[in-house]
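Sequence and predicted structure are below.
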Amino acid sequence: MQKKFLIILSVITAILFFACSKEYSYETGSGLGGYATGSLKDSLGNCQGITANGTYMVDSIMTDSNYVIIKLNITSVGKYKINTDTVNGFWFNDSSYFLSSGIQSIKLKAHGKPVLPMLSTFTVNFDSTTCIFSVPIVGSGTLSTTYYPTTTNSNWTYKNSASSDTVRVTSTGVTYLIGGSPYTLFVDSYNDSSVYRNDGSGNYYTYGFLDDSATAPVSYIFLKDNVSIGTTWETAEANTTFLGASSKIKYRYTITNNSTSLTVNGTTYNNVIKVRLDYYYFVSGAYQTTPAYSQYDYYAQGIGLISSETINFTPTIYQSIQRYQVY
């Protein structure tokens, strides 16, 4: 009888212990029974970085390669469930628990199918903090391998850091024969126009004036997507005026990276080619040994130009992509 009483007492004690433990965890948020607390931001109030992985394509179901990595500063351990909003037909989420505090990285898995080929911006919340991130969406079918799309109605919006102005550039689909080759007309929101073509062999051309004083336009390659790092080439020269005197100008391009990643306005772009552009003028019987002007241009596969930055201006002037839609 005494042995049976002791067994019953032990069971009751265990039940009361676990019940109290569960209630304590839930109410205080501590332990795996409660919810983790913390922040998406660092001590300065900045979002700690969100990196998108995988290729996101119109009307394609997400796979295990589609996810984002987010960083959090966990102040108390416990369960978590993190969701983004649904944008352009898909979303991200994950749920599990944190066993330790401090800086933690987690993977939010993608779900759904993108509807439109556009830059899609998501909001993610944790505890009382909120951050945003963007994911580029490419058109349906196979991933475009071009680094400068010219498809009709494709458009890109850029912001200039010097003036905070934005400009939208649109491919009209209208073509012109220049030197026997078809160039596609692009028009921006200021009604300025430019033309471009891709020869299908990794060379991208434009046709225009090398500077504001050039006497005639020239056709030249501004990007190569099939050459090694360090490859350089020059444009044809054009007559111009420099420092009040008759002169000549030419561009020199250099591939400084042909497969890098770049984060622009919170979005990480992969398969990026980085190109250096230098302006040289003919002065006192010879071309300058030091360029008069230099910049870096960044082109993302399937998207086009995503950023430009000056090299010899202080502060550096950036032109960065805000949104895009490639058809």
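Sure, I can see it.

where does the stretch 1-150 of the chain dip in pLDDT?
1-33, 140-143 (pLDDT under 70).

What does V218 show for phi and psi?
phi -130, psi 160 (degrees, to the nearest 10).

do Q325 as well
phi -150, psi 110.

and it, bridged to which residues?
With DSSP bridges as the criterion, Q325 is bridged to M118, N155.

domain parsing for this structure?
Using automatic domain parsing, the domain parsing of the chain gives 37-136, 155-325.

now for these, which one comes closest to P149?
Nearest to P149 among these is domain 155-325 (5.5 Å), distances taken as CB to CB. Bear in mind the C-beta positions are built from the backbone N, C-alpha and C, glycine included.

For that closest one, measure first residue to last.
5 Å (CA to CA, to the nearest Å).

Give me the distance between it and the centre of its chain.
Distance, stretch centre to chain centre, for domain 155-325: 19 Å (CA atoms, centre = their mean, to the nearest Å).

Likewise for stretch 80-90?
On CA atoms, centre = their mean, the centre of stretch 80-90 falls 19 Å from that of its chain.

on that earlier part again, show me the one of the domains of the chain that comes nearest Y148.
The nearest among those, by CB to CB, is domain 155-325 at 4.9 Å.

Output the contacting helices and strands for the top strand by length along the chain.
Counting residues, the longest strand found in the chain (DSSP state E) is strand 245-264. Helices and strands touching strand 245-264, as assessed by 3 or more CB pairs under 8 Å, 6 or more residues apart in numbering; DSSP states H and E, comprise strand 218-224, strand 232-234, strand 238-242, strand 267-283, strand 293-300, strand 304-310.

So T121 sits against C131, correct?
No. Contact criterion CB atoms under 8 Å: T121 and C131 do not qualify, at 11.1 Å.

Looking at these two, which one has more neighbours?
Using other CB atoms under 10 Å, the more surrounded residue of T121 and C131 is C131, with 22 against 17.

before we move on, the earlier item: tell me the buried residues in the longest strand of the chain?
Residues 247-255, 258, 262, 264 are the ones in strand 245-264 that count as buried (16 or more other CB atoms under 10 Å).

Let me have those residues in CSV, extended by distance to S294 and pLDDT.
Shown next, in CSV, are these (distance: CB to CB, whole Å; pLDDT from 0 to 100):
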residue, distance to S294, pLDDT
S247, 18, 97
K248, 18, 98
I249, 14, 98
K250, 14, 98
Y251, 10, 98
R252, 9, 98
Y253, 11, 98
T254, 10, 98
I255, 15, 98
N258, 19, 94
L262, 18, 92
V264, 20, 91
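
In contact with the nearest residue to P149 once chain neighbours are set aside, which residues?
Spatial nearest neighbour of P149, chain neighbours left out: V326 (5.0 Å); criterion: CB to CB, 6 or more residues apart in numbering. Residues near V326 by CB atoms under 8 Å, 6 or more residues apart in numbering: 117, 138-139, 144, 149, 151, 154, 302-304.

circling back to that earlier point, what is the nearest of the buried residues of strand 245-264 to N88?
Comparing the buried residues of strand 245-264 against N88 with CB to CB places V264 closest, at 18.7 Å.

who's the closest one bridged to?
Counting by DSSP bridges, V264 forms beta bridges with T267.

for S307, same thing?
Under DSSP bridges, the beta-bridge partners of S307 are Y298, S320.

pLDDT score assigned to it?
The score at S307 is 97. That number is its pLDDT.

Kindly report the same for the one 3 residues further on.
Turning to T310, the model gives it a pLDDT of 95.

Next: the one 4 residues further on.
T314 is assigned a predicted lDDT (pLDDT) of 85.

same deal with W156?
Here, the pLDDT recorded for W156 equals 96.

nearest residue to it other than its sequence neighbours?
Counting by CB to CB, 6+ apart, the residue nearest W156 is Y324, at 4.4 Å.

residues in contact with the one you found?
Contacts of Y324 (CB under 8 Å, 6+ apart): 118-119, 136, 154-157, 303-304.

just the buried members of the residues you listed?
Using 16+ other CB under 10 Å as the burial test, these include 118-119, 136, 154-157, 303-304 as buried.

now those residues as a markdown table including distance to C47?
Shown next, in a markdown table, are the buried ones among the contacts of Y324 (distance: CB to CB, whole Å):
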| residue | distance to C47 |
| --- | --- |
| M118 | 22 |
| L119 | 17 |
| P136 | 19 |
| S154 | 30 |
| N155 | 27 |
| W156 | 24 |
| T157 | 22 |
| I303 | 23 |
| G304 | 26 |
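
nearest to T268, of the residues you listed?
Closest to T268, out of all of these and judged by CB to CB, is P136, at 9.2 Å.
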